[in-house]
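K.L.:
mind looking at a prediction? Sequence and model below.
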Amino acid sequence: MSFDDGRELELLQFVFHYPNVDQFKGNTQKVLDAIGEFGRTRKYLVNIGEYKSRTILDLIKALKPQVMVELGGYVGYSAIAFAAALRERGGSVYYSLEKNPEFDEIVTKLVGLAGLSHVVKVVVGSSSDSQRRLHADGTLKQTDLPFLNYHEPLYRDDLKICEELGMIAVGTVLAADNSKPHDDPSRIIRSCILLVIKPGNPPYLEYVGLSVKKKRADLTVMDESGLRGSPQLLYESRLVEGWEPSGVPVCHIFPVSRH
């Protein structure tokens with residue numbers, strides 16, 4: 001599915017030239033509805049969308065996180081939806097880390113239109129550099145509900161960075177969109193929360209499915225990333241059915257506990 005071909009800027013124009021756009025100011029649902037309308041009637045957008053976002057919204061309602069971080073802001077749908085829920089539950093800040101400066105600008109403008117600029121902090125730059133910088137300056141020490149929502153090959157490495165920095169601890173719930181479970185269901189029993197969408201992300205799912213013993217053993221053979229992660233963390237999950245944009249049923253993986 002295509003993206004970064006100009007459709008994101010078309011979305012911005014679509015929203016800001018929408019009839020009665022003044023009614024969108026401070027109204028998160030109207031902004032989300034407009035983004036959804038563009039994706040349905042104009043050009044498909046690779047955001048989490050209304051259907052999949054419901055599960056994370058339920059998690060926010062249940063967990064009442066104070067701080068959330070998303071790695072990959074794209075056009076801001078997830079930032080608007082989840083930051084609004086975070087605010088309603090007494091949360092303080094939602095960090096949206098986006099590498100693409102053009103997407104960063106789109107997120108900033110749509111978040112502003114939705115009236116969430118005081119909650120959403122948009123950070124431009126690579127996810128790995130941004131995580132390290134925010135942690136080093138004391139801005140971000142821990143996140144209650146991180147959300148991976150961008151370039152799938154980076155998921156495993158960015159998760160390891162989160163672990164090394166201590167931003168993930170026992171009790172943290174992790175969400176990752178655009179992942180696919182291993183063909184052997186036993187391999188994902190211990191994985192963290194994942195919203196599963198084809199075509200998949202085998203390295204990431206293999207990592208979160210490893211036992212503590214296996215991860216400790218693997219430290220003796222450093223991979224090309226040079227990242228160690230935190231091998232004592234163990235992830236668990238349960239499966240919930242979801243849907244691809246094409247209407248094909250796939251699985252969503254959600255957490256039951258952390259060890």
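P.N.:
Great, that's in hand.
K.L.:
so what are the sheet partners of the strand or helix carrying Glu70 and their directions?
P.N.:
Using DSSP states H and E, Glu70 falls within strand 67-71. Strand pairing for strand 67-71, determined by DSSP bridges: strand 93-98 (parallel), strand 145-148 (parallel).
K.L.:
can I get the ones you listed in TSV including mean neighbour count and distance to Ile35?
P.N.:
C-beta: built from backbone N, CA, C; applies to glycine. Formatted as TSV, the strands paired with strand 67-71 follow (neighbours: other CB atoms under 10 Å; distance: least, CB to CB, whole Å):
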stretch	mean neighbour count	distance to Ile35
strand 93-98	26	15
strand 145-148	27	17
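K.L.:
which stretch in the ones you listed has the least confidence?
P.N.:
Confidence, taken as mean pLDDT, is least for strand 145-148 of those (a mean of 84).
K.L.:
quick one: residues in contact with that strand.
P.N.:
Strand 145-148 is contacted by residues 56, 59-60, 63, 65, 68-72, 78, 82, 155, 158-159, 162, 167-168, 172-177 when judged by CB atoms under 8 Å, 6 or more residues apart in numbering.
K.L.:
do that again at 6 Å, thanks
P.N.:
Contacts with strand 145-148, where a contact means CB atoms under 6 Å, 6 or more residues apart in numbering, come from Pro65, Met68, Val69, Glu70, Leu71, Tyr155, Val173, Leu174, Ala175, Ala176.
K.L.:
can you pick out the most distant pair from the residues you listed?
P.N.:
Using CB to CB, the contacts of strand 145-148 span at most 19.9 Å, a distance reached by Pro65 and Tyr155.
K.L.:
looking at these two, which has the bigger crowd around it?
P.N.:
Using other CB atoms under 10 Å as the criterion, Pro65 and Tyr155 rank with Tyr155 on top: 27 against 23.
K.L.:
Three-state assignment for that one, please.
P.N.:
Per DSSP: H, G, I helix; E, B strand; the rest coil, the secondary structure class of Tyr155 is helix.
K.L.:
for it, report the pLDDT, please.
P.N.:
Confidence for Tyr155, expressed as pLDDT, is 71.
K.L.:
look up how far Leu148 lies from it.
P.N.:
To Leu148, Tyr155 is 5 Å away according to CB to CB, to the nearest Å.
K.L.:
same check on Leu71?
P.N.:
From Leu71 to Leu148 the distance is 5 Å (CB to CB).
K.L.:
circling back: so which of the strands paired with strand 67-71 gets nearest Ser126?
P.N.:
Here strand 93-98 is closest among the strands paired with strand 67-71 (CB to CB), at 8.4 Å.
K.L.:
packing partners of the next helix or strand after the closest one?
P.N.:
As assigned by DSSP H and E, the chain's next helix or strand after strand 93-98 is helix 101-113. Under the contact definition 3 or more CB pairs under 6 Å, 6 or more residues apart in numbering; DSSP states H and E, helix 101-113 sits against strand 120-124.
K.L.:
mind doing that once more with 8 Å?
P.N.:
Secondary-structure packing of helix 101-113 (3 or more CB pairs under 8 Å, 6 or more residues apart in numbering; DSSP states H and E): helix 7-16, helix 28-41, helix 77-88, strand 93-98, strand 120-124.
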